[in-house]
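> pasting the sequence and the predicted coordinates here, then a few questions.
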Amino acid sequence: MKTYRVEFECKSRINKLPDAQTIFGVICSIYKNVYGDEKFNEYISSLKEGHPLFVHSSLFPEGLFPMIKESLFDVSLVNEQTLKSSPSEQIGVLSQLKKYKKISYIAEGIMKDYIFANKIDELKSEQLKNPDAFQIDGGILKRNNSQKNVYETKNILVTHARIDKLNIEGENRSLYYDQSIFHKQGQKFFMFVKTDLDMHKVEDVLKYIEYFPIGSKGSTGNNVFKYVEYKKYNYDNVNPNVVLLSKCLPMENEFDYDNSFYGVFSNQYHSSNEYKNYVIGKISKLVEGSLMAPIEKKEYYGQLLNVSNDENPLYHYGIGFVL
């Protein structure tokens, strides 16, 4: 499968950055509403049968990858660095090292030069020997000579009026609030796609995304992203482990967990209002940034899971996109 980087521009406030499962829901809506049931069923069948039309990752800010789950400082390194400092400096050293626990993203250049290049131990060593070469800015690990403010957000509590759809002219309207995230104008985001198709066929689907908000509160103007372009993505990953770029529901015997570094996310899911609107239940998945040791190298891992409790299928996207 060929790998492509797909760019989007944020055109509204958002609730959160959409993950691969949320994007999957939008892709299903596009197939069903734009191309019809036949194309929708073809897309679903391709994922179920292991010959996908395409697979995709979660969405990330331009130039950033999710921080890997392998710790850049183990206990021995922290103790070594602390003991080298004077008593008066030790609190400052510990405070600096604590920032590494709060990293959410890693700059693409560091990802390519150290993670894909299988030089994680060198990255750990360089941060101790030459800490001024790196900086942590807003939860982002990047080189000190790189541009500042790579990704800026502002969280604002937005007020809305709840309307009674059965009595739209009534005066009994209540207020509700949601936490909205605003980005600077023109902020770009990207996701990855793998496919054996002509990428123009995938583009024909993704270009409709701006008409299908990726996430909740679409009726209030939230979560609108506009497709910009795609490019072939060339990378060389010599690391024996793979980096997960979407949440994954692994199948049996896909990973050697003893030699992997991973996080697990559990959440209660429910279907959309336009389909069934019932609670699916709690699902646990490996998270983005997990550094997994595969039993066998593959283009992707995980599965599309039918979580329906009746004869009508309802699918959850647990396919782990990897680089």
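Here it is on my side, so go on.
> residues making contact with stretch 303-321?
With contact meaning Cβ atoms under 8 Å, 6 or more residues apart in numbering, stretch 303-321 is reached by 20-21, 23-25, 28, 44, 47-48, 52, 55-58, 192, 194, 244-251, 269, 271, 275-276, 278, 280-281, 283, 285-286, 292, 300-302. Using the backbone N, CA and C atoms, a C-beta is placed for each residue, glycine as well.
> give me the three-state assignment for the residue lying closest to residue 239 once chain neighbours are set aside.
Excluding the flanking residues, the one nearest residue 239 by Cβ to Cβ, 6 or more residues apart in numbering is residue 118, at 4.2 Å. Recorded secondary structure, residue 118: coil (DSSP: H, G, I helix; E, B strand; the rest coil).
> could you report the distance from residue 118 to residue 175?
Separation of residue 118 from residue 175 (Cβ to Cβ, to the nearest Å) stands at 54 Å.
> who's more crowded, the two?
More neighbours surround residue 118 than the other of residue 118 and residue 175, with 13 against 8 (other Cβ atoms under 10 Å).
> show me the shaky parts of the stretch 1-150 of the chain.
73-86, 88-100, 128, 146-149 (pLDDT under 70).
> now do the strands in it.
2-10, 54-56, 60-61, 64-66, 105-107, 134-137, 140-143 (DSSP state E, counting those that start in this stretch).
> which residues touch the nearest residue to residue 28 once chain neighbours are set aside?
Leaving aside its chain neighbours, residue 28 sits nearest to residue 40 (6.6 Å; criterion: Cβ to Cβ, 6+ apart). Residues near residue 40 by Cβ under 8 Å, 6+ apart: 28, 31, 32.
> nearest the geometric middle of the protein, what residue?
In the chain, the centroid-proximal residue (Cα atoms, centre = their mean) is residue 58; its distance is 3.4 Å.
> what strand or helix carries residue 318?
Remark: residue 318 resides in strand 315-321, with elements defined by DSSP states H and E.
> any idea how far that strand is from the chain center?
Mean-position distance between strand 315-321 and its chain equals 12 Å (Cα atoms, centre = their mean, to the nearest Å).
> what lines up beside it in the sheet?
Strand pairing for strand 315-321, determined by DSSP bridges: strand 300-306 (antiparallel).
> which residues in this structure form helices?
20-30, 37-48, 75-83, 87-98, 108-110, 120-129, 199-206 (DSSP state H).
> ok so, going back, just the closest of the contacts of residue 40 to residue 214, please.
Residue 214 lies nearest to residue 28 out of the contacts of residue 40, by Cβ to Cβ, at 12.1 Å.
> could you measure the closest one against residue 118, distance?
Counting by Cβ to Cβ, the gap from residue 28 to residue 118 is 37 Å.
> then residue 293?
Residue 293 is 12 Å from residue 118, where distance means Cβ to Cβ.
> now the closest residue to residue 265 other than its chain neighbours: how far from residue 67?
Counting by Cβ to Cβ, 6+ apart, residue 265 lies nearest to residue 287, which is 4.7 Å off, once chain neighbours are set aside. Residue 287 sits 10 Å away from residue 67, going by Cβ to Cβ.
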